Structure formats: C-alpha cells, structure tokens
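Q: I need the structure of the sequence given here:
(one chain, ligands or ions: 1)
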Amino acid sequence: MKLDLEIVQFEPKLAKTHENIDLMEKYIKGSKANIIVFPELATSGYFYTDKEELSKVAINAEDEIISQFQSMAEDIDKLIVFGFPEEEDSLFYNSAAILTPDREKSSIYRKSHLFYKESLVFEEGNTGFFVVDYEPLNINIGTMICYDWRFPEAARTLALQGADLIICPSNLVTGVWQGVMQARALENSVYVAVANRIGEESKSFEVLKFNGESTIIDPNGLPLVSAGGNNEISIVASIDPDLTRDKSFNEFNDIFEDRRPELYFSDNEEEE
Ligand code: ACM
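A: Residues are numbered from 1 along each chain as shown. Now for the predicted structure:
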C-alpha cells in the first residue's frame with residue numbers, strides 16, 4: 001500500500017512555543033499526507049544552554065500541548081512526528097513525539113546521542129531505539145534525532161527491528177550528512193526522511209546556522225524529494241513500505257541474511 005509522507009521544513013522561533021505550534025497546526029490542517037514530520041525541537045527552537053531558560057519551553061508528555069496534537073492525529077487520521085524539549089521529573093530530554101491516530105501506539109523517542117552544548121541542558125535519551133508498528137497503514141516507523149545519524153548502529157538497530165521508514169527530525173548545522181543518510185537507506189533497504197530546519201540562532205555571540213535540505217530517500221539510497229537550503233517549504237513523496245520488506249537484491253544475496261554478526265566488533269562483548 002502506498003502512502004504519502006510529508007516533511008515541513010521551517011524556522012522554529014526560539015522560545016516562541018505558541019507561534020511555532022500555530023504554524024505546525026496550520027501545516028497539519030492543510031496536509032493531505034498520511035504522515036507529517038517536523039524538525040527537531042520544532043516547538044521551542046534549538047539553542048539552549050541554560051536549564052532555567054529551557055524549563056520555560058519544556059513540555060511534559062501529559063501536557064495539554066501533546067494531547068492537542070494527539071487529538072489532531074485522531075481527528076484527521078494522520079501520523080504526526082515532531083521534535084520538542086521534554087520535561088520529566090525536572091530532567092530534560094531532546095525528544096520526538098510519534099503520534100498516531102491510535103493513541104495506544106503513540107510514543108516518545110528521546111535522543112540517544114547529544115550534540116555539542118545539548119549536554120549542558122539535556123539528559124542522554126533512555127528510550128533506546130524502537131519501532132512503531134502502525135497496522136492501518138501497514139508501516140513500521142523507527143525514529144532517531146539529528147546527531148544520531150553519525151552512528152550507523154542507530155539506523156541498523158531500527159532496520160533490524162523491522163523499520164520500513166526511519167524518520168530523523170533534525171537541526172543540522174553541517175552539510176555532510178546527505179551521502180551518509182543515503183547510505184543508511186541503501187544498506188538497510190529502508191526509506192529515510194530527514195526533516196531539517198532553516199534559519200540561525202545565536203547565544204553569547206555564537207551563531208548556529210541550520211542548513212535545511214530536508215530529504216526523503218528511497219530504499220535504494222536515492223533522494224525522492226529534497227528541499228532547498230534556506231526556504232520554508234513542505235515536501236511530499238509517495239512511499240511503499242512493502243518495497244522495504246524483501247532485503248534480497250539478487251537470487252543469492254539478502255543484505256540481512258548475509259550478515260555475519262559473529263565477525264562484527266561488539267562493544268558489549270569486549271566488556272565481558
Ligand atoms: C544536532 O544534533 N542537532 C546536530
């Protein structure tokens with residue numbers, strides 16, 4: 001079954017939660033896609049170095065804001081994925097909500113690998129990598145966030161759990177990820193959707209520039225659609241989860257069955 005996947009690339013405004021959410025709602029209400037994805041920390045903006053400041057925009061999973069998005073997912077029968085600063089027990093996580101029309105399946109992923117000054121305010125994610133199996137659309141969705149892309153284990157772990165699509169809400173500040181994410185799609189034979197943001201944020205005279213170029217990549221590693229580097233835009237591609245299920249590419253080779261895990265370096269085994 002084919003379905004439409006949409007990425008909204010925009011410039012979240014620092015500490016302007018309601019402004020950001022209004023814009024996200026506008027895109028959700030106007031969307032015809034089955035799945036709509038927003039960047040990392042879409043509700044809050046990115047550059048926080050002070051927990052007190054972050055606490056003002058942090059959202060608990062039980063907060064009204066999350067239930068509003070959950071209700072939207074149910075009312076318009078759409079999966080909604082977006083990054084937000086999560087608060088739980090006075091700790092903060094760089095999280096992504098994966099909200100499905102079936103609230104039992106809705107989940108929160110907490111970013112595993114923290115980038116740069118994120119470690120000043122966020123805890124390392126403790127959810128691990130997991131896949132949401134959403135049967136009405138026959139799709140298995142795995143999520144990682146931005147800097148997780150530098151760790152091939154993240155995509156591999158999700159693919160081995162059965163992900164057809166890896167969604168990567170991002171606030172990327174380099175331009176070196178494109179080829180890598182194409183490789184992650186090809187070597188796992190999955191779709192990859194990188195939802196990046198645009199714009200700049202500064203803190204104490206340090207400026208971070210976010211590079212856009214959000215992309216949806218097919219299981220052969222080819223970009224289906226890409227956004228520009230500095231424009232607000234929504235991009236859509238038609239994807240077919242069935243195309244990710246057969247990992248063979250000729251009558252002799254299957255990229256999962258051909259794996260030789262016994263030969264691969266394992267951090268865990270080394271510690272034993
Ligand atoms: C990043 O992890 N926001 C680069």
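
Q: Quick one: end-to-end length of stretch 25-36, please.
A: Start to finish, the residues bounding stretch 25-36 are 11 Å apart (CA to CA, to the nearest Å).

Q: repeat for stretch 236-256
A: 29 Å.

Q: Give the buried residues for that stretch.
A: Across stretch 236-256, burial judged by 16 or more other CB atoms under 10 Å covers 236-237, 239-241, 244, 247. Using the backbone N, CA and C atoms, a C-beta is placed for each residue, glycine as well.

Q: give me the subset of those touching the ligand.
A: Among the buried residues of stretch 236-256, no residue sits close to the ligand (CB under 6 Å from any ligand atom).

Q: who in the chain is up against the ligand?
A: Contacts of the chain with the ligand, taken as CB under 6 Å from any ligand atom, map to 40, 115, 146-147, 171-173.

Q: what ranges do the strands span in the stretch 1-150 of the chain?
A: 3-9, 35-37, 79-88, 91-99, 107-110, 131-134, 139-143 (DSSP state E, counting those that start in this stretch).

Q: Please produce a markdown table containing those, extended by mean pLDDT.
A: As requested, the strands of the stretch 1-150 of the chain are exported to a markdown table (pLDDT from 0 to 100):
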| stretch | mean pLDDT |
| --- | --- |
| strand 3-9 | 99 |
| strand 35-37 | 99 |
| strand 79-88 | 99 |
| strand 91-99 | 99 |
| strand 107-110 | 98 |
| strand 131-134 | 98 |
| strand 139-143 | 98 |
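
Q: hang on, the earlier thing: for the ligand, state which of the buried residues of stretch 236-256 is nearest.
A: Lowest distance from the ligand to the buried residues of stretch 236-256 (CB to the nearest ligand atom) belongs to residue 237, with 23.1 Å.

Q: Quick check on that closest one: phi, psi?
A: Main-chain dihedrals, residue 237, degrees, to the nearest 10: phi -140, psi 150.

Q: For it, list the residues it contacts.
A: If a contact means CB atoms under 8 Å, 6 or more residues apart in numbering, then residue 237 has 4-5, 216, 224-225 as its contacts.

Q: Quick check: bridge partners of it?
A: Counting by DSSP bridges, residue 237 is bridged to residue 5.

Q: try residue 216
A: residue 193, residue 225.

Q: What is the neighbour count of it?
A: Using other CB atoms under 10 Å, residue 216 has 26 other residues around it.

Q: contacting residues around it?
A: Neighbouring residues of residue 216 by CB under 8 Å, 6+ apart: 5, 7, 191-194, 223-226, 235, 237, 239.

Q: what about stretch 28-39, distance to the chain center?
A: 14 Å (CA atoms, centre = their mean, to the nearest Å).

Q: go on, stretch 96-116?
A: Centroid displacement of stretch 96-116 relative to its chain, using CA atoms, centre = their mean, is 8 Å.

Q: Assign the spatially most central residue of the chain to helix, strand or coil.
A: Closest residue to the average C-alpha location of the chain: residue 168 at 2.7 Å, with CA atoms, centre = their mean. Three-state assignment for residue 168 (DSSP: H, G, I helix; E, B strand; the rest coil): strand.

Q: what is it paired to in the beta sheet?
A: Going by DSSP bridges, residue 168 forms beta bridges with residue 194.

Q: isn't it right up against residue 146?
A: Yes - between residue 168 and residue 146 there is a contact under CB atoms under 8 Å: 6.8 Å.

Q: now the helices: where do they sit in the stretch 1-150 of the chain?
A: Per DSSP state H, counting those that start in this stretch, the stretch 1-150 of the chain carries helices over the ranges 17-30, 51-55, 64-75.
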